[in-house]
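Participant: Turn this into a structure:
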Amino acid sequence: MKTLSDYQHLFQKTTIASITLLGFSMPLFVGVEGAKAQFLPPPPVPVPTPTVNPAPAPISEGYILGIGDRVQIDIFNVPEYSGPNGQHQVSVDGALNLPLVGTVPVQGLTTEQATEAIKQRYAEYLQRPIISLTLLSARPMQIAIAGEVQSPGAYTFSGIAGGNAMPGSVTPSSGGLQLPRVTQLLQMAGGVTALADIRQVKIRRKQPGSTVEQILSVDLWELLQTGDLRQDISLRDGDTVYIPTVTDLDRVEARQVAVANFASSTSQPISVAVVGAVNRPGTHTLAASQTTPGGFDPENPQQPTASPSVEGMGVFTVTRAIKTAGGITAMADIRNIEVRRLSRTGTEQVISVDLWSLLQEGDLTQDIVLQQGDTIVVPTATTANFNQSDNVAMASFSPDAVKISVVGEVMRPGPIQVPPNTSLNQALAAAGGFNQSRANTKSVELIRVNANGTVVRQTIAVDMSQEVNEQNNPILRHNDVIVIGRSGSAAFQDGVGGVLGKLGPVNGIFGVLRFVGILD
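Facilitator: Below you'll find the model as predicted:
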């Protein structure tokens, strides 16, 4: 007859076995203690109770486990290792410390691969173990972005539901795990620039256990046009997103991209330079929260007049920048404006702008969207085109008024404001016309201060019946001075001296300029 020690010896030799009690088969643990446990009645299966922990969110198959991830492991019919007891965190050595089996390396494995690895370890102690693994909360993920974005660099995303947001990170507001997507990263990086090629976005992703990187291509233009959410893929820890520079700017696409939610924010002001044939060349700031200049104030040329608020007007464009710079001058060549822009690679792109097409054909693609650091060059026309002057004068990027001065023998001498493209004859009429008893009505002097600081004096033969032309009735520019001399044989200097004599020792051209406030 066998004793208890004989049974103990038998069970010590058993590796994996099962014992049938009343037709019920259950897993058998290895060893003496495990053998003794099999003689006890099976414990009742506990009824699941509600828990305050949020349900783990499902994730895609491609998620790679790493240090800091928290997982939920449930083993079928082994409640002591499941439920609240089945919550574990990947330690600094990249492993899970599990009961009975010890450490299981999981860093660099997908959740499916980790589940299989844990199953193999428990198979040494359980017969046909059924194991499920879900991700409770993801570790903070660091993702890099480079190329045509406003703020390239590395960004941290926190995937811990209900956790506190880390500086420079994004935490989902809703419960459960939400992996960051490409558009979210672009928003964190300040949005794409005007030179971004959103059709060719590249994502470099490390492959587990390999030095080879996977290159993913994303077409965000397809997302904008068709709403294809597959293009807005979820990102992983260690991903690098690159936004290339467009080689040939498509103006239609650029305007649509500018209003996308991943474009540069128009709530932040930008600085641009406007040079050439504008009334206030230099660096100007464009901001959505401020009022844009409604016109050029001739009495205070350094302060543009205000127009109603332009909040909500949208993006910053060439015409808006020119308006901020006081508008174009009378000799601006609006057909050959250039926008010079530096890409993130350091190369300069020159974009041609024809605002005449905008005025005549309504071609809004000519009014291109600007970005921080752009330079707008408005050239000076070599010859005056009077046929287009009226249309240009009515454009939104022209000044509302220019200042000229009429001195000498007119009825109302002094500085006056006139609309753009005002001719000499119109200015004389605005000053009340000639003083018929004293004025030389045959000719006047036109004094013009050029942008380069030079001063030009020109004698104009007056013919009030002439249409606009350069010889007898030229278009006036900002700060032009018209001098009407006396009748008779008196010289120009004497005539001007007689008119201004009461004001002190003013003589010559520069005396006139000082009198009308052009020179200090």
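
Participant: Check the gap between the residue nearest to S271 when sequence neighbours are not counted and V92 for me.
Facilitator: With sequence-adjacent residues excluded and distances taken as C-beta to C-beta, 6 or more residues apart in numbering, S271 is closest to T285, at 5.3 Å. (Each C-beta comes from the backbone N, C-alpha and C, glycine too.) Using C-beta to C-beta, to the nearest Å, we find T285 at a distance of 49 Å from V92.

Participant: Now do the same for Q225: its pLDDT.
Facilitator: The confidence metric pLDDT takes the value 93 at Q225.

Participant: now do M313
Facilitator: You'll see M313 listed with a pLDDT of 45.

Participant: So the residue nearest to S271 belongs to a strand, correct?
Facilitator: Yes: applying DSSP: H, G, I helix; E, B strand; the rest coil, one finds T285 inside a strand.

Participant: the helices in the stretch 201-350 of the chain, which residues?
Facilitator: Counting by DSSP state H, counting those that start in this stretch, the stretch 201-350 of the chain has helices at residues 220-226, 251-258, 318-324.

Participant: just the ones you listed: most buried one?
Facilitator: Among those, the stretch with the highest mean neighbour count (mean count of other C-beta atoms under 10 Å) is helix 318-324, at a mean of 25.

Participant: other SSEs contacting that helix?
Facilitator: On a contact count with 3 or more C-beta pairs under 8 Å, 6 or more residues apart in numbering; DSSP states H and E, helix 318-324 meets strand 270-276, strand 282-286, helix 355-361, strand 375-378.

Participant: Can you tell me the strand partners of the shortest one and which way each runs?
Facilitator: Read that as strand 375-378. Take DSSP bridges as the rule and strand 375-378 pairs in its sheet with strand 270-276 (parallel), strand 337-342 (antiparallel).

Participant: give the contact list for the residue lying closest to L220 once chain neighbours are set aside.
Facilitator: The shortest distance from L220 to any residue that is not its chain neighbour, by C-beta to C-beta, 6+ apart, is 4.0 Å, and that residue is I198. Contacts were defined as C-beta atoms under 8 Å, 6 or more residues apart in numbering; by that measure I198 touches 192, 219-221, 224, 243, 257.

Participant: one step back: possible to save the helices of the stretch 201-350 of the chain as JSON lines with distance to G68?
Facilitator: Output for these, formatted as JSON lines (distance: least, C-beta to C-beta, whole Å):
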{"stretch": "helix 220-226", "distance to G68": "30"}
{"stretch": "helix 251-258", "distance to G68": "36"}
{"stretch": "helix 318-324", "distance to G68": "48"}
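
Participant: Minimum distance to S405: which of the ones you listed has it?
Facilitator: Evaluated over the helices of the stretch 201-350 of the chain, closeness to S405 peaks at helix 318-324, with 24.9 Å, by C-beta to C-beta.

Participant: quick one: average pLDDT of the closest one?
Facilitator: Across helix 318-324, the average pLDDT comes to 91.

Participant: Equivalent analysis for stretch 201-219, please.
Facilitator: For stretch 201-219, the mean confidence score works out to 87.

Participant: what does stretch 448-456 give?
Facilitator: pLDDT averaged over stretch 448-456 equals 69, rounded to a whole number.

Participant: repeat for stretch 72-80
Facilitator: On average, the pLDDT along stretch 72-80 is 93.

Participant: what comes up buried for that stretch?
Facilitator: Neighbour counts using 16 or more other C-beta atoms under 10 Å place 72-75, 78-79 of stretch 72-80 among the buried residues.

Participant: hang on, the earlier thing: what is the neighbour count of the residue nearest to S271?
Facilitator: When neighbours are counted by other C-beta atoms under 10 Å, T285 registers 10.

Participant: so who does it touch?
Facilitator: Residues in contact with T285 (C-beta under 8 Å, 6+ apart) are 269-271.

Participant: cutoff 10 Å now
Facilitator: Listed by C-beta atoms under 10 Å, 6 or more residues apart in numbering, the contact set of T285 reads 269-272, 324.

Participant: what's the burial count for V315?
Facilitator: As a burial measure, the neighbour count of V315 was computed by other C-beta under 10 Å and equals 21.

Participant: gap between it and I270?
Facilitator: In terms of C-beta to C-beta, V315 sits 10 Å off from I270.

Participant: Can you work out which residues contact both of these two?
Facilitator: 264, 286, 288, 370-371.

Participant: So this structure: which segments form each domain?
Facilitator: With automatic domain parsing as the criterion, the domains of the chain are listed as 4-38, 70-137, 141-258, 270-393, 402-515.

Participant: which stretch in the ones you listed has the least confidence?
Facilitator: Averaged per stretch, pLDDT over those is lowest on domain 4-38, reaching a mean of 42.

Participant: Export the domains of the chain as CSV, with columns for distance to Y63.
Facilitator: As requested, these are arranged in CSV below (distance: least, C-beta to C-beta, whole Å):
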stretch, distance to Y63
domain 4-38, 30
domain 70-137, 6
domain 141-258, 7
domain 270-393, 31
domain 402-515, 62
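
Participant: And L179, how close does it get to S132?
Facilitator: With distances defined as C-beta to C-beta, the gap from L179 to S132 amounts to 20 Å.

Participant: how near is the closest residue to L224 other than its chain neighbours to V192?
Facilitator: With sequence-adjacent residues excluded and distances taken as C-beta to C-beta, 6+ apart, L224 is closest to A260, at 6.0 Å. Between A260 and V192 the distance, using C-beta to C-beta, works out to 8 Å.

Participant: When these two are compared, which one has more neighbours?
Facilitator: The residue with the greater number of neighbours, taking A260 and V192 and applying other C-beta under 10 Å, is V192; the counts read 25 against 17.

Participant: Just confirm the more buried one contacts S265, I think it does.
Facilitator: No: between V192 and S265 there is no contact under C-beta atoms under 10 Å: 11.0 Å.
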